[in-house]
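Novice: I'll drop the sequence and a predicted model, then ask my questions.
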Amino acid sequence: FFVHGALLEAPRGCGSAQIAGDARGGNSLSGVALKLPPRGELVFDGAFEGGNIADARRLDDGFEYEINLRGDSCSGKHRMWFHFTVSNALPRQQVLLSIMNFSKTRSLYRQGMSPVVRSGRQPAWQRVPARTTYYYKSPRHGGKYVMSFVLDFGNDADDVFELAYTFPFTYTALQYELAYLEHLSSPYLRRQLLTRTTHGRRVDALVLSLPLPSCPLNAGRMDAPPPPLPPPTHSRREGGGANVGCAAGPSPMLQQQPATAAATVATPHSLAAVAALMP
C-alpha cells in the first residue's frame, strides 16, 4: 500500500517535524512547496511502495522523535509494519526514534531482533545494533508498548536513510520474481491466479508437480524422460572402513516404515485431480 505524508503541526511542548509527501524524494505535497526545516531537524517520508508512517514529532530535547504508524489496510487496529526514510541530519548526529502505537504486546524485538536500515551510500540492508534497540511497556505513554532505537547518521548526514520493520519485499518485486519463473517455462511449475485483494492486486498460486498432460506448458514434453537422480553420496570412515550411505538393502529407518506409507506418495493422476479443483 501507499502512504502519503503531510506537513505536521508541532504539538504543544514539542519541536517541529516534517513528513515529505513526494514519492520521488522531493519536498512538495499536492503541488504545495514545503520549506525544509533547519539542518538537524529530521524530515520523514513514507510516500513510496511499502512505506508506512502516519506522523512524527520532535521532543523538546531535540534528541528523541516519537513516530505513529498508520493501521493496516482494511484493518486499522493492527499496526506493526513501518517503512520510511529520514533525511536532513547533521554530521555525526544521533537520534532516538520511538514507535509509539504498536498493536502487539509480544514482539521479536524483545528476543534480540532489531530494525533494518540502508542508505544511498550503503545500499545493502543491515540491522540496527540490537544493543541500542528497546521494546518496552511505557508508563509515560499509558502503558502502551513502545519500540525505541538509536540511529547514528555518521558522516553521511546529507544522505537519505531508509528504515523498516524488517527486510521489505514489495508487491512489484514479487511480480518480477513470478514473471521470471514463468519465463523459465519449467514443466514442473505453473502459476495461476487464485484471487485478488480488495485493492485488485493479484494473489497467485504456484503449483509444483510432475509434468501433466493437461498442462499447456507440457505439450510435447511427456515423451522426455525425467531428469536423472543425483548419485548417492559415499563417505569413508577414518582408517579405511567400508563405505556408508550406500549399503546393500534398505536402511533400518526405511524398514521400520509401515507398508501403508506408500499410499501417501502423490502420483500424476492425484496431482491432476488436485489441480482440477483449483480455480
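Specialist: Yes, it's here.
Novice: Point me to the helix or strand that includes Ser98.
Specialist: Assignment of secondary structure by DSSP states H and E places Ser98 within strand 94-99.
Novice: Tell me the strands beside that strand, with direction?
Specialist: If you go by DSSP bridges, strand 94-99 pairs up with strand 64-68 (parallel), strand 144-152 (antiparallel).
Novice: What residues sit buried inside the first one?
Specialist: I take that to be strand 64-68. 64-67 (16 or more other CB atoms under 10 Å). Any C-beta I mention is one placed from the backbone N, CA and C, and that applies to glycine too.
Novice: mean confidence score for that strand?
Specialist: Taken as a whole, strand 64-68 has an average pLDDT of 95.
Novice: hmm, who's touching stretch 157-167?
Specialist: With contacts defined as CB atoms under 8 Å, 6 or more residues apart in numbering, stretch 157-167 is touched by 25, 39, 50, 80-87, 89-93, 97, 113, 115-121, 125, 128, 151, 153.
Novice: Okay, and which of the residues you listed map to helices?
Specialist: Nothing among the contacts of stretch 157-167 maps onto helices, per DSSP state H.
Novice: Now the buried members of these.
Specialist: By 16+ other CB under 10 Å, these give 50, 81-87, 89, 93, 97, 113, 115-119, 128, 151, 153 as buried.
Novice: ok, so what distance separates the residue nearest to Leu42 when sequence neighbours are not counted from Tyr145?
Specialist: Residue nearest to Leu42 in three dimensions, not counting chain neighbours: Val86, with 5.3 Å by CB to CB, 6 or more residues apart in numbering. Using CB to CB, to the nearest Å, we find Val86 at a distance of 22 Å from Tyr145.
Novice: which one of the buried residues of strand 64-68 is nearest Tyr109?
Specialist: Distances from Tyr109 to the buried residues of strand 64-68, taken as CB to CB, are shortest for Ile67 (14.5 Å).
Novice: Surely Glu182 is within a helix?
Specialist: Yes: assessed by DSSP: H, G, I helix; E, B strand; the rest coil, Glu182 belongs to a helix.
Novice: pLDDT below threshold where in the stretch 101-250 of the chain?
Specialist: Applying pLDDT under 70 to the stretch 101-250 of the chain picks out residues 212-250.
Novice: can you give me the helices in it?
Specialist: Assigned by DSSP state H, counting those that start in this stretch, the stretch 101-250 of the chain shows helices spanning 171-184.
Novice: circling back to that earlier point, just flag the most distant two among the buried residues of strand 64-68.
Specialist: Glu64 and Ile67 (10.2 Å).
Novice: quick one: common contacting residues for these two?
Specialist: By CB under 8 Å, 6+ apart, the residues touching both Glu64 and Ile67 are 97-98.
Novice: number of nearby residues for Phe169?
Specialist: 10 (other CB atoms under 10 Å).
Novice: Can I get stretch 186-203 in CSV? Just the C-alpha atoms.
Specialist: Taking C-alpha atoms only, stretch 186-203 is exported to CSV below (Å, rounded to 0.1, in the frame of the first residue of the first chain):
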residue,chain,number,x,y,z
SER,A,186,9.5,-25.2,-16.5
PRO,A,187,7.2,-28.2,-17.0
TYR,A,188,7.2,-28.7,-13.2
LEU,A,189,5.9,-25.2,-12.3
ARG,A,190,2.6,-23.5,-13.1
ARG,A,191,1.4,-20.0,-12.0
GLN,A,192,-2.3,-19.3,-11.8
LEU,A,193,-4.4,-16.6,-10.4
LEU,A,194,-6.0,-17.7,-7.2
THR,A,195,-7.9,-14.5,-6.3
ARG,A,196,-7.4,-10.7,-6.0
THR,A,197,-7.0,-8.5,-3.0
THR,A,198,-9.5,-5.8,-2.0
HIS,A,199,-7.3,-3.4,-4.0
GLY,A,200,-7.4,-5.6,-7.1
ARG,A,201,-3.9,-6.9,-6.8
ARG,A,202,-3.1,-10.5,-7.8
VAL,A,203,-2.8,-13.4,-5.4
